[in-house]
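[1] Sequence below, structure please.
(one chain, ligands or ions: 1)
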Amino acid sequence: MSYRESLTRVLEHSLAHIENLESTAVGPTVSAMTLRERLNRPLGDDGTPAEQVLDDLVRDAAGGIMGNAGGRFFAWVMGGALPAALGADWLAAAWDQNTALHISAPAASMVEEIAGSWIKDVLGLPAGASFAFVTGCQAAHLVGLAAARHAVLERVGWDVERQGLFGAPRVRILTSSERHGTVERSVRMLGLGMDQLHDLPVDEHRCLQPDALERALQAGPDAPAIVILQAGELCTGAYDPFETLIPLAHRYRAWVHVDGAFGLWAAASPRYRHLLNGAAAADSWATDAHKWLNTPFDSGIVVVAHPEVHRQAITYSASYLARHGSARDPIDWTPEWSRRARGFAAYAAMRQLGRKGIAEVVERCCENARRLVLGIGGLPGAEVVWTPTINQGLVRFLDEQPGATSANHDRRTDDVIARIQASGEAYFGGATWQGRRVMRVSCCNFQTTELDVERAIEAARRALEVVVTDVPATA
Ligand SMILES: *Cc1c(COP(=O)(O)O)cnc(C)c1O
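    As a prediction, the model looks like this:
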């Protein structure tokens, strides 16, 4: 079994995928049943040659690989993988570094130290803040909120790491109704309890209303509180007004955590940076490199303004964990023990793009989102529901039969989304937004060109030409 043989094949298979993205269907073309039948090969007693394992895998997975690495994928919020980032991620696997300690992985740990300071710089966050490279924004929330939990309980004389949460004062969590589902899961996993999570109303721009937050803070002026704000909501790209909300929360001694999974990266662009005015005053921030920075997946980042709190909430020491002394040990900041060297990809992505390149990716994605939403929303039988302020927008498709109801428009919207997906020309996702079905338009991939945008609009136009007449308007 030779590495050269295996890895050469992997290179060829990878290039075959990436170089054909333009000409292949974006969405999957095989069913779950087919994939199961193909992939569920007998696990024999005897092994299989490595090259064959890899060739079989590629063959069996064909049609089941989502085309989000390419430029015509606009569902959820996903980025592509820049060449340097993908290459660095391969190296991380080849080098097989356990990035728990500096001593176990010196270069990988040092790269995290440096990439972390670059990220703080590009995002406009305090240079003295601590950070951790985690799997994604979900894990970044978990770490940021573990630090928050530590700090707000410490202020009322409760040592949460030692005493746990049984019998602890309740921690109120105040956020907006537009918060992401990952916030809720972190609250659950940290034992803070869903009953303590208060979803507050938003204004017409989908931003948390300052007076709603003030009233909620006043309702428990002495209770420990965590305020979770959003930088870039997944349907509308909305940013909470940090300049007003953060000082307000701090007057009540609340910890402020910011969910900026993709939206924090707007700070890289002079054109969009103002959206984050005041955000640097928060106590913790969660973001991703695998969305707008375009690294491969498994790349989230948490930044904490109070390193000592972060460290106390997360660190562990044991005699066999040899410490270097003067270099950063990732295990002090991340919830994992053994872990892959995910910092290489973020480091490589930032070096490939440079500050200007990051800003350019952000601006181009925003421009693409705007073109897509206005282009598709302007087609006959379509309407714009949310014009992007950054890289997220919404459209809806209308059932043009006389007397069509909202339910008919919902069905038409899902039907058109399915037709665009089936065309293989572009891939969008649906959502229910303010009680109505919509098609989400999300642009995070550096690969998307003007031609890709035109192809997607054309795919929508063709999908809209199909009029379904067998559904009665009143159904
Ligand atoms: C994607 C996203 C998350 C979750 O990030 P993961 O990296 O998938 O864990 C959280 N918040 C927002 C606003 C997001 O867009």
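[2] Sticking with E458, tell me its helix or strand.
    E458 belongs to helix 450-465 when assigned by DSSP states H and E.
[3] Buried residues, that helix. List them.
    By neighbour count with 16 or more other Cβ atoms under 10 Å, helix 450-465 contains the buried residues 452-453, 455-461, 463-464. In short, each C-beta sits where N, CA and C put it, glycine included.
[4] got it, and stretch 420-439?
    Applying 16+ other Cβ under 10 Å to stretch 420-439 flags 420-421, 423-431, 433, 437-439 as buried.
[5] Could you identify the most distant pair in the buried residues of helix 450-465?
    Comparing every pair within the buried residues of helix 450-465 by Cβ to Cβ identifies D452 and L464 as the most remote, at 18.9 Å.
[6] can you tell me which two in the buried residues of stretch 420-439 are farthest apart?
    Pairwise over the buried residues of stretch 420-439, using Cβ to Cβ, the maximum falls at G424 and W433, 25.8 Å.
[7] What is the neighbour count of L200?
    Close neighbours of L200, defined as other Cβ atoms under 10 Å, add up to 19.
[8] what's the answer for R273, then?
    R273: 14 neighbours (other Cβ under 10 Å).
[9] Over to it: give its phi and psi.
    Backbone torsions of R273, given as degrees, to the nearest 10, read phi -60, psi -30.
[10] Tell me which stretches of the stretch 51-200 of the chain form helices.
    Taking DSSP state H, counting those that start in this stretch to define them, one finds helices in the stretch 51-200 of the chain at 83-95, 106-123, 137-154, 160-163, 181-189.
[11] Okay, buried residues for the third one please.
    Just to be clear, that refers to helix 137-154. 137-154.
[12] If you count contacts, what does that helix end up packed against?
    strand 130-134, helix 160-163, helix 181-189, strand 225-230, strand 255-259, strand 284-288, strand 300-304, helix 307-314 (3 or more Cβ pairs under 8 Å, 6 or more residues apart in numbering; DSSP states H and E).
[13] Dump the fifth one to CSV, keeping only the CA atoms.
    So the one you mean is strand 255-259. Provided in CSV are the C-alpha atoms of strand 255-259 (Å, rounded to 0.1, in the frame of the first residue of the first chain):
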residue,chain,number,x,y,z
TRP,A,255,-22.5,39.5,29.4
VAL,A,256,-23.0,40.2,25.7
HIS,A,257,-22.3,37.4,23.2
VAL,A,258,-22.5,38.1,19.5
ASP,A,259,-23.6,35.4,16.9
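[14] how much does that strand deviate in direction from helix 137-154?
    Orientation check (axes from the mean of the first three to the mean of the last three Cα atoms, to 10 degrees): strand 255-259 against helix 137-154 gives 180 degrees.
[15] who does strand 255-259 pair up with?
    Paired neighbours of strand 255-259 in the sheet (DSSP bridges): strand 225-230 (parallel), strand 284-288 (parallel).
[16] can you redo these as CSV with mean pLDDT and mean neighbour count?
    Below are the strands paired with strand 255-259 laid out as CSV (pLDDT from 0 to 100; neighbours: other Cβ atoms under 10 Å):
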stretch, mean pLDDT, mean neighbour count
strand 225-230, 98, 27
strand 284-288, 98, 30
